[in-house]
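# Predicted model and sequence follow; I will ask about them next.
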Amino acid sequence: MKTLLLDLDGTMYRGDAVIESAKIFLEACQKHKIPYIFLTNNSMRTREENVSHMEKMGYRGIKPEQFYNSAMASVQYVKAHYTGNKAYYLGKAGLWQALTEEGFRITDQDPDFVFVGLNKEATYAEYSKALTFLLQGAKLIGTNQDRILAKPDGFEIGNGSVVAMFEYASNQKSPDIAKPHTPILDLCLRHYDLQKEDVILIGDNLETDILLGKNAGVETVFVQTGVHMAKDISRLGIEPDHIVTDLRDCLDFSFGSFML
């Protein structure tokens, strides 16, 4: 039986609004003991905060250890590929948790790295402070490259758009770590002791979730409850293995070795 790698924003919920079909689907996975992990580019929440956020929407039976996010991937990637452990960050508690768990020292005194995760309350002054460190030689690390995020009444700016601003201003290029790039998947699989053939990627974003599957050679399911719709497939040239309107469609469908 394959493990499902489920996206969050636009797949399980939109902002603070539950996607009812996703809730029904997850309850069926729990009933039939189908393993699942939440693989998300969202670096804002800690794993415990993710549980609380979903429980407020009516989800039950979810554990903190079932979440793997772009903050975890970014910090683990930097630890493996660079030297230095002093970090300044723009972000929320999820990024702070990832940095501290991996032994980074958070400081605003000559940091080796500036980690940029989404913080919807960040100010112009905070952006400028981070830019100063980058211009003084700190390495830019963007947790993810999501251009936009789905919310109940439309869309909002994603962290990738903020990272692009810093790339332009600092004349640096952040390493490509999160979806659709393969490091986040490789690190997630290592974290859970899985192989590519053991998993199926499920998500709403063709440019991140589904393209990651294409880049990594992993089976994909595209669900039309978030950023993209089926009409976007030909426009973007990104072909999922399976297309569903919402996750209830999966209840009567077999994806490889995954079947309810």
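Looks like it came in fine.

# what mean pLDDT does stretch 70-83 have?
Averaged across stretch 70-83, pLDDT comes to 97.

# List the contacts of it.
Residues from elsewhere that reach stretch 70-83 (C-beta atoms under 8 Å, 6 or more residues apart in numbering): 40-43, 91, 94-95, 97-99, 101-104, 112-113, 115, 117, 139, 141-144, 175, 177-179, 183-184, 187-188, 191. Every C-beta, even on glycine, is put in place using the N, C-alpha and C of the backbone.

# can you rerun that using 6 Å?
Residues outside stretch 70-83 that contact it (C-beta atoms under 6 Å, 6 or more residues apart in numbering): 41, 43, 94-95, 98-99, 102, 117, 141, 143-144, 177-178, 183-184, 187.

# and of these, the nearest to residue 235?
Residue 235 lies nearest to residue 41 out of the contacts of stretch 70-83, by C-beta to C-beta, at 21.4 Å.

# so how many other residues sit close to the closest one?
By the measure other C-beta atoms under 10 Å, the count of residues near residue 41 is 31.

# next one: the one helix or strand residue 78 maps to to chain centre, how far?
Per DSSP states H and E, residue 78 falls inside helix 70-81. In terms of C-alpha atoms, centre = their mean, to the nearest Å, the gap separating the centre of helix 70-81 from the centre of its chain is 13 Å.

# same thing with stretch 209-223?
On C-alpha atoms, centre = their mean, the centre of stretch 209-223 falls 14 Å from the chain's centre.

# ditto for stretch 152-168
14 Å.

# Quick one: mean pLDDT for it?
Mean predicted confidence for stretch 152-168 is 91.
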